[in-house]
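A.B. asks: Okay, predicted coordinates and the sequence, questions at the end:
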Amino acid sequence: MDRLIIFDRNGIAKAFTRKNVFYDYSGRPLAFLDGTNIVSYSGKHLGWFQGGYVRDEHGDAVGFTKGARGGPITPISAVPPIPPIPAIPPIPPIPPIPPVSPIFSLSWSSTTLEQFFNR
């Protein structure tokens, strides 16, 4: 996964990726990808990234990339801003043993993308 734009359920660009790291649009590193698992820099398992969807602990979608498949219907996306030069991310902690993934749903989560990354 190199550079992807992550949109929220309303089609607004809220984050982007670079080299398996999720950043917000201020360039701050939010989390990193370990396989399909999204892990915070505090070492907490946040959810999964699969099929172009960011999924919460219940398997519901909280965000998506263009071309996402296997989840809820995505809205028309707004034109995203140009991503800034990201900050150097901290050294990732040893990822926790991830929980068993739930069956991914066709629903949107009630959790916003910002809430997802700030847990």
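C.D. replies: Perfect, I can see it now.
A.B. asks: which residue ranges form the strands in the chain?
C.D. replies: Using DSSP state E, the strands of the chain run over 5-7, 13-18, 21-24, 29-34, 37-40, 45-50, 53-55, 61-64.
A.B. asks: now the ones you listed as TSV including mean pLDDT and mean neighbour count?
C.D. replies: For every residue, glycine as well, the C-beta is placed using N, CA and C. Rendered in TSV, the data for those read as follows (pLDDT from 0 to 100; neighbours: other C-beta atoms under 10 Å):
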stretch	mean pLDDT	mean neighbour count
strand 5-7	98	23
strand 13-18	97	21
strand 21-24	98	23
strand 29-34	97	21
strand 37-40	98	22
strand 45-50	98	22
strand 53-55	98	26
strand 61-64	98	28
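A.B. asks: Redo those as CSV? Include distance to residue 117.
C.D. replies: Shown next, in CSV, are these (distance: least, C-beta to C-beta, whole Å):
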stretch, distance to residue 117
strand 5-7, 9
strand 13-18, 7
strand 21-24, 7
strand 29-34, 4
strand 37-40, 8
strand 45-50, 7
strand 53-55, 9
strand 61-64, 9
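A.B. asks: Quick one: closest of those strands to residue 96.
C.D. replies: Nearest of the strands of the chain to residue 96, taken as C-beta to C-beta: strand 45-50 at 5.3 Å.
A.B. asks: Which other helices and strands does that closest one contact?
C.D. replies: In terms of contacts (3 or more C-beta pairs under 8 Å, 6 or more residues apart in numbering; DSSP states H and E), strand 45-50 is packed against strand 37-40, strand 53-55, helix 113-117.
A.B. asks: Once you drop chain neighbours, what's closest to residue 26?
C.D. replies: Among residues not flanking residue 26 along the chain, residue 84 sits closest, at 7.0 Å (C-beta to C-beta, 6 or more residues apart in numbering).
A.B. asks: what about the one you found, how many neighbours?
C.D. replies: 13 (other C-beta atoms under 10 Å).
A.B. asks: That one and residue 24 touch, don't they?
C.D. replies: No: if you go by C-beta atoms under 8 Å, residue 84 and residue 24 don't touch, sitting 9.5 Å apart.
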